[in-house]
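S.K.: Below are the sequence and a predicted model; questions follow.
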Amino acid sequence: MGVRNVVKVMNFHSLLRVDSARKKAAMYFDTEKELYRFMHKILYNKNIILDKKSIRPNESAPVLNVYIGNDLGFCGDFNFSINKQVRLDKNDYKIIIGRKIHSYDDDGKVILFLTKEEFFSSFKKVEDVIYDAIIGRKYREINVVYNHYHNVNNLEFTKKKLFPIEYNPENYNDTYDEDFAMETEITSMLNNLTALYICYELKISEMNSYAAENVVRQQLTNQSLKKIDEIEEEKAKVARKEKKQKDFQKIIENYRK
């Protein structure tokens, strides 16, 4: 199979996936905002804070970053920024998703490495790390690093803080002084809610990254097909010119005879 046919196949698959991926990402934009609002309203409730039940990060603990790349071809630039960030975060602990993200294991800082397929089939491994991190206060901060899809014209490399959930009530008209009737141990409940929130955010980030990945692949394969067309047209021009020269040479030779 020639290069053009390979690129056409990749472009066709990207076209099939990109619309579905974009719709899924867009579908979760509002869900993500409401999820954040829900967690924000609980964690910063005045009664919970006064009772000293809110989750406080251990400021002396290290940082944990989750890096989400892609496993498919035609997205070298897609992974470049993430690989660069991995190198910059030398002292941070890492969960790496994607076989094309380099696992610079600085003194055992990479605690989990999964392909994109394993991210779904073995997500419990990610859950176990996150739940253990929150319950044990192992990290002062948890971030996710990925390429964020806003729309087809706006893809943004993003490092998003998932923990601690920062206080930011300005965007909402919520009140934070409601009292809660609780029938469980509040600290355990908040730990589990926070860990669940982080895990859900990671899945949304992966879905959003997948949309960005397919937009990039579609753009690159379109550009590659145009470049191939240009190269083939240039070759065709050279071939036509050579043919004209040969035909003209034959005419000259026949005339001389």
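M.R.: That came in fine, so what should we check first? The shown structure was predicted, so the numbers you read here are calculated from the model rather than taken from an experiment.
S.K.: Where do the helices of the stretch 1-150 of the chain begin and end?
M.R.: Using DSSP state H, counting those that start in this stretch, the helices of the stretch 1-150 of the chain run over 3-43, 46-50, 76-88, 116-121, 123-135.
S.K.: For the third one, which residues meet the burial criterion?
M.R.: Pointing back at helix 76-88 there. Going by neighbour count (16 or more other CB atoms under 10 Å), the buried part of helix 76-88 is 78-79, 81-83, 85-86. Heads up, the C-betas are built off the backbone N, CA and C, glycines and all.
S.K.: counting contacts, what elements does that helix pack onto?
M.R.: For helix 76-88, the packing partners by 3 or more CB pairs under 8 Å, 6 or more residues apart in numbering; DSSP states H and E come out as strand 63-68, strand 141-151, strand 154-163, helix 186-256.
S.K.: Select, out of these, the one closest to residue 44.
M.R.: Closest to residue 44 of these is helix 186-256 (CB to CB; 11.5 Å).
S.K.: That closest one - what's its average pLDDT?
M.R.: Mean pLDDT, helix 186-256: 77.
S.K.: can you give me the angle that helix makes with helix 123-135?
M.R.: 130 degrees (axes from the mean of the first three to the mean of the last three CA atoms, to 10 degrees).
S.K.: tilt between helix 186-256 and strand 63-68?
M.R.: 40 degrees.
S.K.: what helices or strands is helix 186-256 leaning on?
M.R.: helix 3-43, strand 63-68, helix 76-88, helix 123-135, strand 141-151, strand 154-163.
S.K.: a markdown table for those, including mean pLDDT and distance to residue 195?
M.R.: As requested, the helices and strands packed on helix 186-256 are arranged in a markdown table below (pLDDT from 0 to 100; distance: least, CB to CB, whole Å):
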| stretch | mean pLDDT | distance to residue 195 |
| --- | --- | --- |
| helix 3-43 | 67 | 11 |
| strand 63-68 | 97 | 12 |
| helix 76-88 | 85 | 24 |
| helix 123-135 | 96 | 4 |
| strand 141-151 | 88 | 10 |
| strand 154-163 | 88 | 9 |
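S.K.: can you tell me the distance between the two ends of stretch 91-101?
M.R.: One end of stretch 91-101 sits 17 Å from the other (CA to CA, to the nearest Å).
S.K.: ah, wrong one, I meant stretch 89-101
M.R.: Using CA to CA, the distance between the terminal residues of stretch 89-101 is 13 Å.
S.K.: which parts of that stretch are buried?
M.R.: Buried residues in stretch 89-101 (16+ other CB under 10 Å): 89, 92-101.
S.K.: what's the answer for stretch 144-155, then?
M.R.: So for stretch 144-155, counting by 16+ other CB under 10 Å, buried means 144-149, 155.
S.K.: so residue 199 touches residue 128, yeah?
M.R.: No. Contact criterion CB atoms under 8 Å: residue 199 and residue 128 do not qualify, at 10.2 Å.
S.K.: re earlier: may I see the helices and strands packed on helix 186-256 organised as CSV, with distance to residue 185 added?
M.R.: What follows is those, written out as CSV (distance: least, CB to CB, whole Å):
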stretch, distance to residue 185
helix 3-43, 15
strand 63-68, 25
helix 76-88, 38
helix 123-135, 12
strand 141-151, 23
strand 154-163, 20
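S.K.: mind checking which of the ones you listed is nearest residue 241?
M.R.: Using CB to CB, the helices and strands packed on helix 186-256 put helix 3-43 closest to residue 241, at 22.4 Å.
S.K.: Can you give me the separation between residue 237 and residue 243?
M.R.: 11 Å (CB to CB, to the nearest Å).
S.K.: Same check on residue 206?
M.R.: Counting by CB to CB, the gap between residue 206 and residue 243 amounts to 54 Å.
S.K.: ok, these two, which is more surrounded?
M.R.: Per other CB atoms under 10 Å, whichever of residue 206 and residue 243 has more neighbours is residue 206, with 19 against 10.
S.K.: Which strand residues bridge the residue nearest to the more buried one when sequence neighbours are not counted?
M.R.: Residue nearest to residue 206 in three dimensions, not counting chain neighbours: residue 68, with 5.4 Å by CB to CB, 6 or more residues apart in numbering. Beta-bridge partners for residue 68, by DSSP bridges, are residue 97.
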